[in-house]
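[1] Got a predicted model here, sequence first, then my questions.
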Amino acid sequence: MDQPQDYHYRREASGEKGLSSSSSSSSSTAAATAQHRHHDIIGRTRQRRSHHAVFVTFDVDRTPDRPREIAVSQLKVKFIARHLQHKVRGCFDECPVWSKNALQSVTRVPPSQLKFVLPTLAYYFTTGPWRNQWVRFGYDPRKDRGAARFQTLDYRVRLTGGARHKVKCKRSYANYLLPYKAMNWSKPRTSVIDTGDFTSIIPSGSSPACAASRTAATPSSPSAGTSVVQDKTERLGKKAGEEEEGEEAGKDVYIFRPGRVPPCRQMFYQFKDLEVDEAQALLSESETGEGATCDEKNGWFLPGTDQKLREILTRSINRHLERENEGERGRQQEDGVAASENMEVLLREEEDDESASSETDDELP
């Protein structure tokens with residue numbers, strides 16, 4: 001085993017497509033693949049699952065103006081509804097540059113269908129100021145100064161001031177573990193029944209069957225009807241509050257707002273979605289003058305604008321976390337004062353009971 005051995009690398013996935021047709025076609029496909037492949041790069045074992053999207057780099061001479069035919073045909077194969085296509089197309093008519101998170105939040109189109117609709121309406125920038133964003137076919141943001149507000153800001157939340165406990169990771173190692181590896185089987189699993197759910201409907205000292213028969217025999221009273229209405233109202237109010245919070249959380253995936261913490265540690269914002277007055281003032285002051293060209297790193301803004309924006313967002317998050325921490329400390333102090341007062345009251349009551357019992361004992365002959 002200490003002698004040099006040959007390592008048999010796997011073949012390139014794209015070169016294996018022609019194997020089923022004929023030997024001549026497979027050999028020509030493999031030769032073409034080997035010609036375009038660098039001599040010292042190991043080929044990937046599978047192709048990129050792009051769903052026939054058009055990927056563009058910043059240095060491309062001309063941006064695409066039409067989708068691939070196979071991407072359009074996928075809409076029929078996957079049975080994508082027309083109203084969903086019109087909804088996404090309407091968003092690109094209003095704004096030529098979108099992020100995928102923003103489209104999901106605005107249109108509510110399921111991701112499993114949006115990934116087939118996007119390649120028919122827009123191309124994808126992989127580098128440059130508009131990286132990780134979808135741009136409408138026929139629109140070149142490098143030639144339009146108005147596209148400056150659509151540039152991408154790659155922001156990483158700094159885990160200081162308690163942000164570590166409020167911001168979650170996009171991916172966790174537990175998502176990639178098998179069930180028998182993710183669970184700890186050495187600890188015995190015990191079933192726990194919460195008896196508090198039954199105390200409100202079953203009186204003490206009676207069996208569930210007796211309680212059920214008693215409930216069926218007893219006519220409903222006005223107070224019982226009022227309690228049912230109150231419970232229903234509370235449930236409706238709680239549901240409305242959860243829906244409102246869900247809408248606000250949906251906006252957090254692409255909009256930065258003061259008083260809100262980003263949902264993930266790495267976020268991609270458009271410059272126009274930074275709803276911070278200080279950030280918008282900086283953007284208005286940092287635009288390049290007339291006659292300037294679009295830069296691959298800074299776009300239509302002066303160098304260093306991205307870093308200044310990150311500092312502004314970090315200060316905004318730290319101020320919000322400081323206010324939350326102060327409020328939490330104040331609530332803890334109030335709870336501690338209330339607990340100490342309750343303890344003093346209990347001690348006084350115990351002293352009064354002891355003095356009363358001693359007086360009673362003295363009065364006895």
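    Nice, I can see it.
[2] CA atoms for contacts and neighbours, from now on please.
    Fine.
[3] Quick check: what element follows the helix or strand where E243 lies along the chain?
    Of the helices and strands defined by DSSP states H and E, E243 is found in helix 222-251. The C-terminal neighbour of helix 222-251 among helices and strands, as given by DSSP H and E, is strand 266-270.
[4] what about K297, is that helix, strand or coil?
    For K297, the secondary structure call by DSSP: H, G, I helix; E, B strand; the rest coil comes out as coil.
[5] what do you get for R149?
    For R149, the secondary structure call by three-state DSSP comes out as helix.
[6] so what's R131 closest to, chain neighbours aside?
    Excluding the flanking residues, the one nearest R131 by CA to CA, 6 or more residues apart in numbering is F125, at 4.7 Å.
[7] And stretch 118-138, end to end?
    Using CA to CA, to the nearest Å, the gap from the first to the last residue of stretch 118-138 comes to 14 Å.
[8] Residues contacting it, please?
    51-58, 63-68, 71-72, 88-89, 92, 96-100, 150-152, 296-299 (CA atoms under 8 Å, 6 or more residues apart in numbering).
[9] Counting neighbours, which bits of that stretch end up buried?
    Within stretch 118-138, the residues that qualify as buried by neighbour count (16 or more other CA atoms under 10 Å) are 118-125, 127-137.
[10] Select from those every entry located in strands.
    Of these, the ones assigned to strands by DSSP state E are A122, Y123, Y124, F125, Q133, W134, V135, R136.
[11] farthest pair in these?
    The two members of these with the most space between them (CA to CA) are F125 and R136, at 10.9 Å.
[12] could you pull out the strands for this protein?
    Residue ranges of the strands in the chain, as given by DSSP E, are 55-56, 97-98, 122-125, 133-136, 152-156, 266-270.
[13] looking at these, which is closest to H83?
    Comparing the strands of the chain against H83 with CA to CA, the closest turns out to be strand 122-125 (17.5 Å).
[14] re the thing from before, turn the strands of the chain into a markdown table, including mean pLDDT and distance to P110.
    Below are the strands of the chain laid out as a markdown table (pLDDT from 0 to 100; distance: least, CA to CA, whole Å):
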| stretch | mean pLDDT | distance to P110 |
| --- | --- | --- |
| strand 55-56 | 95 | 22 |
| strand 97-98 | 97 | 16 |
| strand 122-125 | 97 | 18 |
| strand 133-136 | 97 | 17 |
| strand 152-156 | 95 | 24 |
| strand 266-270 | 95 | 20 |
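[15] want to throw these into TSV with distance to D231?
    Formatted as TSV, the entries for the strands of the chain read as follows, by distance: least, CA to CA, whole Å:
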stretch	distance to D231
strand 55-56	54
strand 97-98	43
strand 122-125	49
strand 133-136	46
strand 152-156	43
strand 266-270	40
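[16] A81 is nearest to which of the ones you listed?
    When the strands of the chain are compared by CA to CA, strand 122-125 sits nearest A81, at 18.1 Å.
[17] Sheet-wise, list the partners of the closest one with their directions.
    Here strand 122-125 has these sheet partners by DSSP bridges: strand 55-56 (parallel), strand 133-136 (antiparallel).
[18] before we move on, the earlier item: looking at the strands of the chain, which is closest to L84?
    Taking CA to CA as the criterion, strand 122-125 is the member of the strands of the chain that comes nearest to L84, at 15.2 Å.
[19] CA atoms only: put the closest one into CSV for me.
    As requested, the backbone C-alpha atoms of strand 122-125 are provided in CSV (Å, rounded to 0.1, in the frame of the first residue of the first chain):
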residue,chain,number,x,y,z
ALA,A,122,-35.2,37.4,-16.3
TYR,A,123,-31.5,36.6,-16.3
TYR,A,124,-29.3,36.2,-13.3
PHE,A,125,-26.2,38.3,-12.4
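[20] just to revisit the earlier point, buried ones only from the contacts of stretch 118-138, please, as a PyMOL command.
    Those of the contacts of stretch 118-138 that count as buried under 16+ other CA under 10 Å are selected in PyMOL with:
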select buried, resi 52+53+54+55+56+58+63+64+67+71+72+88+89+92+96+97+98+99+100+150+151+152+297+298+299
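[21] can I assume P111 is in contact with L103?
    No - if you go by CA atoms under 8 Å, P111 and L103 don't touch, sitting 9.7 Å apart.
[22] quick one: which of those two has more around it?
    For P111 versus L103, neighbours defined as other CA atoms under 10 Å are more numerous around L103 (20 against 13).
[23] so who does that one touch?
    Contacts of L103 were listed using CA under 8 Å, 6+ apart, and they are V88, C91, V109.
[24] can you put these in CSV and add pLDDT and distance to F256?
    Listed next are the contacts of L103 as CSV, based on pLDDT from 0 to 100; distance: CA to CA, whole Å:
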residue, pLDDT, distance to F256
V88, 96, 23
C91, 96, 20
V109, 95, 22
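[25] Among these, which ones are in helices?
    For these, the ones inside helices are V88, C91, with DSSP state H as the criterion.
[26] nearest to T305, of the contacts of L103?
    C91 (27.9 Å).
[27] Domain map for the protein?
    10-47, 55-143, 149-186+251-348 (automatic domain parsing).
[28] lowest-confidence stretch among those domains?
    Comparing mean pLDDT over the domains of the chain, the weakest stretch is domain 10-47, at a mean of 48.
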